[in-house]
Structure formats: C-alpha cells, structure tokens
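Engineer: Okay, sequence plus prediction incoming.
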Amino acid sequence: NAGVTQTPKFQVLKTGQSMTLQCAQDMNHEYMSWYRQDPGMGLRLIHYSVGAGITDQGEVPNGYNVSRSTTEDFPLRLLSAAPSQTSVYFCASSLGDRVELFFGEGSRLTVL
Amino acid sequence: AQSVTQLDSQVPVFEEAPVELRCNYSSSVSVYLFWYVQYPNQGLQLLLKYLSGSTLVKGINGFEAEFNKSQTSFHLRKPSVHISDTAEYFCAVSPGFQKLVFGTGTRLLVSP
C-alpha cells in the first residue's frame, strides 16, 4: 500500500546545479501537487496538476518546472538551484477537488 | 485572496488536559476548511474537514473542530490530550481546484 512515494528523501546540491524530485502515486488520483515547507511559513503551493498533460502554477512557482506525462508521476525540476530553494518539499495527490490530500513523506533539499 | 492565521506558534499542555488550537481565515467566497497533522519527520495527514452541513466536525484521534462563519474561525479541540498528540497542526482553506492555502502551523507539546 505505497500511496505517495517521493525520492530522494535527502539531497545536497551546490548553487547552480539541477535536479529532479520524483513523485509517484498508485491511487489513480487525478490531482497532484507540490508544496514547500519552510519554518514559520507553513506549506506553500509550487505547482499543481489536474490530470495528465495539464499543469498550472501555484503561489511560489519561480525556479521550478513540472510536467505530467502520466497519471502516476509528477516530477519537480530545479533547473539552477539557489540557496533560497533550501526547504522540505512535499508531493500530494487527491482523487478530486476539495477532498483529502494524501502527502508523501517529504524530500529535504539543501542548496549550498 | 484566501489566507489562514494560526496565532499560536506553540501550545504547551499537560497530558489529559483539554486543548484548543486556533484558526481564523479570510475569504470572500465559500470555503472548505481542513486540519492536518504532521508528526516528526513525516508528511501531513488529514485530521478533519468541513465542506458543508453541520458546523461541528469530528475527526480522527478524538479531535473535533467547529466552523463559525460569523467569526471566520475553525478552531480545533480535544477534551483530553495524550503524549502521542505531540505534533504540528496545520489549518488550511480551499476555495476549490486543489489550491489549499495553509496556515503557518501550531506545534502542540504534550508533557506528562
């Protein structure tokens, strides 16, 4: 019963490097989203998707790209990492609008 | 734009005492309200949600919340807390379309 799986759990990058955070869900959910969690700021929406081939920006999209080629996968790409992107990233999915979000366990990213 | 205010960043309480975690929201449209809990080094999981109907909502682990439209509040309560309730609690509001807006979180610290 995997639910939402995020990899890697921990990552250290140097400024300017690129990387992809992977997110996969096995619940056949149409909705998927990425949040970042920073101390004292709660969770902020980066990007979201309402189905394969459809993505949209959230509150803090700058510096991040996403794509949704399949229902199961929703990777988050950092093209040129910056120290301001040091954070804990959470992927979430949902069966539909206004229903429960299921979260992954998070990916802790440090950019030096 | 919707926003959520959790005034208390930390709430210390003794085991078996009652607790209330406060949440106020601002929105010009009908909203849907949620409380999530995050245990250390884990993702978030849903405690309870208000979509419509009865203003008193019961959730998991003995928690409940009351939706008060006139005061734009959605406070979380538990009559008797356990050590295992130590966690961070997030209030969130959604106008729909998966754009959940989270508060900054309240850390509940339960001591013996």
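Structural biologist: That came through fine. Numbering: from 1, shown residues only, chains lettered A, B, ... in the order given.
Engineer: which residues does the residue in chain B positioned nearest to chain A contact?
Structural biologist: Here chain B gets closest to chain A at one residue, B:Gly43, 3.4 Å apart by Cβ to the nearest Cβ. For every residue, glycine as well, the C-beta is placed using N, CA and C. The contact partners of B:Gly43, by Cβ atoms under 8 Å, 6 or more residues apart in numbering or on different chains, come to A:4, A:90, A:92, A:103-106.
Engineer: Can you check the pLDDT for the closest residue in space to it that isn't next to it in sequence?
Structural biologist: The shortest distance from B:Gly43 to any non-neighbouring residue, by Cβ to Cβ, 6 or more residues apart in numbering or on different chains, is to A:Phe103 (3.4 Å). Looking at A:Phe103, its pLDDT is 92.
Engineer: Next up, the contacts around A:Phe103.
Structural biologist: Going by Cβ under 8 Å, 6+ apart, the list of residues near A:Phe103 reads A:4, A:90-92, B:43-45.
Engineer: Residue ranges in chain A under the pLDDT threshold?
Structural biologist: For chain A, applying pLDDT under 70 flags the ranges A:1, A:97-98.
Engineer: and it, which residues reach chain B?
Structural biologist: A:4, A:31, A:33, A:35, A:40-45, A:48, A:50, A:58-59, A:90, A:92, A:94, A:97-98, A:100-101, A:103-106 (Cβ under 8 Å from any Cβ of the partner chain).
Engineer: how close does the closest residue to A:Leu21 other than its chain neighbours get to B:Val29?
Structural biologist: Nearest residue to A:Leu21 in three dimensions, chain neighbours excluded: A:Leu76, at 4.4 Å (Cβ to Cβ, 6+ apart). Distance of A:Leu76 to B:Val29, given as Cβ to Cβ, to the nearest Å: 29 Å.
Engineer: So which of those two has more stuff around it?
Structural biologist: A:Leu76 (22 against 7; other Cβ atoms under 10 Å in any protein chain shown).
Engineer: quick one: that one and A:Ala92 touch, right?
Structural biologist: No. Taking Cβ atoms under 8 Å as the definition, A:Leu76 is not a contact partner of A:Ala92, at 11.8 Å.
Engineer: Residues that sit against both of these two, list them.
Structural biologist: With Cβ under 8 Å, 6+ apart, A:Leu76 and A:Ala92 have common neighbours A:Trp34.
Engineer: May I see the PyMOL selection of the buried members of the contacts of B:Gly43?
Structural biologist: Filtering the contacts of B:Gly43 down to the buried ones (16 or more other Cβ atoms under 10 Å in any protein chain shown) takes a single PyMOL command:
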select buried, chain A and resi 4+90+92+103+104+106
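Engineer: Just the ones of the contacts of B:Gly43 in helices?
Structural biologist: Using DSSP state H, no member of the contacts of B:Gly43 falls in helices.
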